[in-house]
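Peer 1: My questions are about this predicted structure, shown below with the sequence.
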Amino acid sequence: MCFKYKSSRYLTHELIKKIKKPEYIQQFTPRKGAAKGPEYNSCMLPFIKNQWNIENAMENSDSLSRMIFRIKNLLQQTDMFENRT
């Protein structure tokens, strides 16, 4: 899957047009001046907990891949530092 822009923006500005349930529309539709709807984060939690796959997400997000790489390097450096003492 490849998005023209951030997946959260794609959801709140493109996919929302296809959603029929009023509660989802209310939760995801950004208010004036906002980037995301008022309940975006809480609505995304079930998806994140049950379906989201970090490896798949990394394939579609260069910034996520870089962040994971940097975190892994930091953890390795921390582990090496702790093993010296």
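Peer 2: Received it, and whenever you're ready, just let me know what you need.
Peer 1: from here on, contacts and neighbour counts on C-alpha atoms
Peer 2: OK.
Peer 1: ok, residues contacting stretch 63-71?
Peer 2: 57, 58, 59 (CA atoms under 8 Å, 6 or more residues apart in numbering).
Peer 1: Let me know the closest of those to residue 72.
Peer 2: residue 58 (13.8 Å; CA to CA).
Peer 1: Check which element follows the helix or strand hosting the closest one along the chain.
Peer 2: Under the criterion of DSSP states H and E, residue 58 resides in helix 54-60. Where DSSP H and E defines the elements, the next helix or strand beyond helix 54-60 is helix 62-84.
Peer 1: buried sites along that next one?
Peer 2: If you call a residue buried by 16 or more other CA atoms under 10 Å, then helix 62-84 has these buried ones: residue 65.
Peer 1: Please work out the average pLDDT along it.
Peer 2: Average pLDDT, helix 62-84: 87.
Peer 1: got the CA coordinates for stretch 61-70 in CSV?
Peer 2: What follows is stretch 61-70, C-alpha atoms only, in CSV (Å, rounded to 0.1, in the frame of the first residue of the first chain):
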residue,chain,number,x,y,z
SER,A,61,7.0,4.8,6.0
ASP,A,62,10.6,5.9,5.5
SER,A,63,10.5,8.0,8.7
LEU,A,64,9.2,5.1,10.7
SER,A,65,12.0,2.9,9.4
ARG,A,66,14.6,5.5,10.3
MET,A,67,13.2,5.9,13.8
ILE,A,68,13.2,2.1,14.4
PHE,A,69,16.7,1.8,13.1
ARG,A,70,17.9,4.7,15.4
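Peer 1: Mark out where each domain of the chain begins and ends.
Peer 2: Listed by automatic domain parsing, the domain ranges of the chain are 1-52, 53-85.
Peer 1: Output the helix holding residue 58 in CSV, but only the C-alpha positions, please.
Peer 2: C-alpha atoms of helix 54-60 as CSV (Å, rounded to 0.1, in the frame of the first residue of the first chain):
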residue,chain,number,x,y,z
ILE,A,54,5.3,-2.7,12.4
GLU,A,55,7.2,-4.5,9.6
ASN,A,56,4.5,-3.7,7.1
ALA,A,57,4.3,-0.1,8.3
MET,A,58,8.0,0.3,8.0
GLU,A,59,7.8,-0.7,4.3
ASN,A,60,5.4,2.2,3.7
